[in-house]
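Engineer: here's my sequence, what's the structure:
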Amino acid sequence: MNEQTSNGPDAPRGCPVAHGGAELTRLYGPDAATDPQAIYERLRKEHGSVAPVLLEGDVPAWLVLGYRDNRRVLDNPRQFSRDARIWRDWREGRIAESHPLVPMVGWRPDCVSQDGEPHRRLRGAVTDGLLAASSRGIRRHATYFANKQIDAFADAGRADLVADYADQLPMLVLTRILGLPQADGLRLVESCAQVFKGGEDALVHNGHIMEILGELAQRKRTEPGSDFTTALLEHPAALDEDEVVSHLRLVLIAAHTTTSNLLARVLELLLTDTARLSGLISGQLNVSAVVEEVMWNTPPLSVLPARFATSELELGGHDIEEGDLLLLGLAPGNVDPEIRPDEGVAVQGNQSHLAFSAGPHECPGQNIGQSIIEVGVDVLLHRLTGLRLAVPPEELGSTATTWQSRLDSLPVEFAV
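Structural biologist: I've put the predicted structure just below:
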């Protein structure tokens, strides 16, 4: 994300405020912002709770910044549909199948792209499959893989808890949930990251993901097991081949990216705040409370794609046209001064954050992600004595894209 702007007269057709001559902020570019929250706050001051922005390729969109406006959009699928086929820029031919935004914003035959009865049918299959998976020992799998990852660097006395741990652990657990070979899962870590990063590489990596998951679905038809893939194939909702593979993609990308990012941020908070770390080790504080705080202040997805206006309406003082694209600002919504006038106020016990979305499309696998994080933190703290940052906290950096802000690295030292 960067702060490049585009003058209204030069903006593309369909731009929300091109006729007003206002400069629009581009939420993409080669120079990723190190402080996206500052951009959100500038947009809030200039436009209020909803702001016009440009996405990759100067595609126009509305970024919803206010908490209450985010909830209105998330809770009202009749006004704000998840079906990208009503997206005006798509309908009028300005978005090609090869556009870099398609892997994140385009329509797919999965429950996230549907509303109403089609959504309920597909969502039911996903929910049932995830419930079955969670009953088969998610914490046991997470404990096993957490220890296995730590074994790889425990004798070195130092590690990067992003590259060596947070990026790997959720994917390893997901391989068990999906019935995917571990080697295939680890090959997909980079592909998942590239889909969120955007650009031409996103299309290539999305194709790579679909190829591996397509092979998995075919294999599970003849070699069924106690896994999520088999559960989808055998569900009474009778998903077709495209629906099965699309949902495998959805769970893989969403679960890995959000869980790895959240785990890294939880570890960052603990290692930069000795009081929290001491409280956790002594038992005065539990991991879930730290996770909750991170979900309020640095949610794993900063911006959630996407909703599409089903008719002309008003939102945040702006006239939204039928077919307009709206992005859910989860990070700016969580710190909206209308609901959090003092960010220093404790949020422990308050689960009304936007980190897992809300409404009919609220994340169905959030309990699985939280279990992986809680186990990952507990095992790490019990295994590594004297765990501490290897660099000053101010040297820790993040890379922001349109959709998320990821911690670049978390170098640590510990006793051997």
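
Engineer: with just CA atoms, put stretch 108-116 into PDB.
Structural biologist: Extracted in PDB, the C-alpha atoms of stretch 108-116 (Å, rounded to 0.1, in the frame of the first residue of the first chain):
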ATOM      1  CA  ARG A 108     -15.500 -18.300  -7.600                       C
ATOM      2  CA  PRO A 109     -17.800 -21.300  -6.900                       C
ATOM      3  CA  ASP A 110     -17.400 -21.200  -3.200                       C
ATOM      4  CA  CYS A 111     -19.500 -20.100  -0.200                       C
ATOM      5  CA  VAL A 112     -17.600 -16.700   0.100                       C
ATOM      6  CA  SER A 113     -18.800 -15.700  -3.300                       C
ATOM      7  CA  GLN A 114     -22.500 -16.600  -2.700                       C
ATOM      8  CA  ASP A 115     -25.400 -15.200  -0.800                       C
ATOM      9  CA  GLY A 116     -28.800 -16.700   0.200                       C
END
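
Engineer: need phi/psi at residue 53.
Structural biologist: Residue 53 has phi and psi values of phi -140, psi 170 when expressed as degrees, to the nearest 10.

Engineer: can you pull the contacts of it?
Structural biologist: 24, 25, 26, 27, 43, 60, 61, 62, 63, 327 (CB atoms under 8 Å, 6 or more residues apart in numbering). Bear in mind the C-beta positions are built from the backbone N, C-alpha and C, glycine included.

Engineer: distance check, residue 286 against residue 136.
Structural biologist: Applying CB to CB, to the nearest Å, the value for residue 286 to residue 136 is 24 Å.

Engineer: following element in sequence after the lowest-mean-pLDDT helix or strand in the chain, please.
Structural biologist: Among the helices and strands of the chain, strand 5-6 carries the lowest confidence by mean pLDDT, DSSP states H and E, at a mean of 42. From strand 5-6 onward toward the C-terminus, using DSSP states H and E, the following helix or strand is strand 24-26.

Engineer: packing partners for that next one?
Structural biologist: Counting contacts by 3 or more CB pairs under 8 Å, 6 or more residues apart in numbering; DSSP states H and E, strand 24-26 packs against strand 5-6, helix 36-47, strand 50-55.

Engineer: quick check: buried residues in it?
Structural biologist: Residues 24, 25, 26 are the ones in strand 24-26 that count as buried (16 or more other CB atoms under 10 Å).

Engineer: run through the bridge partners of the last one.
Structural biologist: This points to residue 26. Residue 26 forms beta bridges with residue 54, as assigned by DSSP bridges.

Engineer: you'd agree it is up against residue 54?
Structural biologist: Yes - at 4.7 Å, residue 26 counts as touching residue 54 under the criterion of CB atoms under 8 Å.

Engineer: right, and residue 64 touches residue 329 too?
Structural biologist: Yes - the pair formed by residue 64 and residue 329 meets the contact definition of CB under 8 Å, at 5.2 Å.

Engineer: got any residues that touch both of these two?
Structural biologist: residue 70.

Engineer: what segments of the stretch 101-250 of the chain are helices?
Structural biologist: Secondary structure of the stretch 101-250 of the chain (DSSP state H, counting those that start in this stretch): helices at 102-105, 116-134, 138-153, 169-178, 182-197, 200-222, 228-234, 241-272.
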